[in-house]
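Asks: Fold the stuff below for me.
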Amino acid sequence: MKIDVIGDIHGCLEELHELFDKLHYVWDSDKHIPIHPDGRIPVFIGDLTDRGPNSIEVIDLVYKMVIEHDYAKYVPGNHCNKLYRYFLGNKVKQQHGLETTVAEYKHLNSKQQKLIRHHFMTLYEKAELYLQLHDVNAVIAHAGISEKLIGSTSKKVKTFVLYGDITGETHPDGRPVRRDWAQDYAGDQWIVYGHTPVKEPRVVNKTINIDTGCVFGNKLTAFSLPEETTVSVKSNQSFLEEKFSHFE
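Replies: Predicted coordinates for the structure are as follows:
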């Protein structure tokens, strides 16, 4: 197995297309998805939507790749969870990016809305909380996972993989305070994650954060295994310095 794990997309469809091109995927004219000639498998690390310009089209593409053609893999992120709860009809605050996806959704006609809602809910419901890919000695989890939680699917694990190792406290701007769990990781499997925007892929022990803040104007990154290499493309969005983590 050879995989390309793709960081948080957040509706940045153009950059996703550019990343697939840079990774040497070829667009299949019949299936309308990118396919790698060497059989590489794309793995989406969650947060497909919100904030960026083309969330609905990203949902459509990932649904085709993961569900329709069983070609790619996907784990959900916290923004995916929130959109799922919105589609369930739950009362969720339309903020922190959800409002952009909802605006796109509401511009669709009723038939298109029904279809995209079904596609996303199917994608989310069929997804595992995180993936253990033994062939490449890796665990793929949106916000990471501590070594002791690998193999479990408890409520604590769900909170960790969606939101990170949160303390329950918040920063002045409302962001949750998170522990830097990667510093304590001592396992021999790669933990590949995103969630917290960093300017460069952040390797700590055998963990790598590949959310390089595409939607905040930096870049979209993929991490390839077993090669242990990264590939990035520049973002087309406006750069927002304050959105990036300052973990060292």
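Asks: Per-residue pLDDT of Pro176, please?
Replies: Note for Pro176: predicted pLDDT of 77.
Asks: Next, the contact list for the closest residue to it other than its chain neighbours, please.
Replies: Nearest non-adjacent residue to Pro176, counting by CB to CB, 6 or more residues apart in numbering: Ile166, 4.6 Å away. Heads up, the C-betas are built off the backbone N, CA and C, glycines and all. Contact analysis of Ile166 by CB atoms under 8 Å, 6 or more residues apart in numbering lists 159, 176-179.
Asks: And the most centrally placed residue in the chain, which helix or strand is it part of?
Replies: Nearest residue to the geometric centre of the chain (CA atoms, centre = their mean): Gly46, 2.4 Å. Using DSSP states H and E, Gly46 sits within no helix or strand.
Asks: Tell me which helix or strand comes right after the helix or strand bottoming out on mean pLDDT in the chain.
Replies: Every helix and strand of the chain was ranked by mean pLDDT, DSSP states H and E. The lowest is strand 176-178, at a mean of 81. Sequence order places strand 190-193 as the next helix or strand after strand 176-178, per DSSP H and E.
Asks: Just checking: what are the partner strands of the very next helix or strand once past that following strand?
Replies: Next helix or strand after strand 190-193 toward the C-terminus (DSSP H and E): strand 202-204. Here strand 202-204 has these sheet partners by DSSP bridges: strand 207-209 (antiparallel).
Asks: So which elements touch the following helix or strand past the strand it pairs with?
Replies: Per DSSP H and E, strand 207-209 leads on to strand 219-225 as the next helix or strand towards the C-terminus. Here strand 219-225 touches strand 3-6, helix 13-22, strand 190-193, strand 229-234, going by 3 or more CB pairs under 8 Å, 6 or more residues apart in numbering; DSSP states H and E.
Asks: For the first one, which helices and strands make contact with it?
Replies: Contacts defined by 3+ CB pairs under 8 Å, 6+ apart place strand 3-6 against strand 41-44, strand 138-140, strand 219-225.
Asks: Same check on the last one?
Replies: Helices and strands touching strand 229-234, as assessed by 3+ CB pairs under 8 Å, 6+ apart, comprise helix 13-22, strand 219-225.
Asks: related to what we said a few turns ago, return the backbone torsion pair for the residue nearest to Pro176.
Replies: phi -80, psi 150 (degrees, to the nearest 10).
Asks: what's near enough to touch the closest residue in space to Thr170 that isn't next to it in sequence?
Replies: Spatially, and ignoring its direct neighbours in sequence, Thr170 is nearest to Pro176 (5.6 Å; CB to CB, 6+ apart). Neighbour list for Pro176: 163-164, 166-170 [criterion: CB under 8 Å, 6+ apart].
Asks: Turn those into JSON lines, including distance to Gln113, pLDDT and secondary structure.
Replies: Shown next, in JSON lines, are the contacts of Pro176 (distance: CB to CB, whole Å; pLDDT from 0 to 100; DSSP: H, G, I helix; E, B strand; the rest coil):
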{"residue": "Tyr163", "distance to Gln113": "28", "pLDDT": "94", "secondary structure": "helix"}
{"residue": "Gly164", "distance to Gln113": "32", "pLDDT": "94", "secondary structure": "coil"}
{"residue": "Ile166", "distance to Gln113": "33", "pLDDT": "86", "secondary structure": "strand"}
{"residue": "Thr167", "distance to Gln113": "38", "pLDDT": "83", "secondary structure": "strand"}
{"residue": "Gly168", "distance to Gln113": "36", "pLDDT": "82", "secondary structure": "strand"}
{"residue": "Glu169", "distance to Gln113": "38", "pLDDT": "85", "secondary structure": "strand"}
{"residue": "Thr170", "distance to Gln113": "34", "pLDDT": "81", "secondary structure": "strand"}
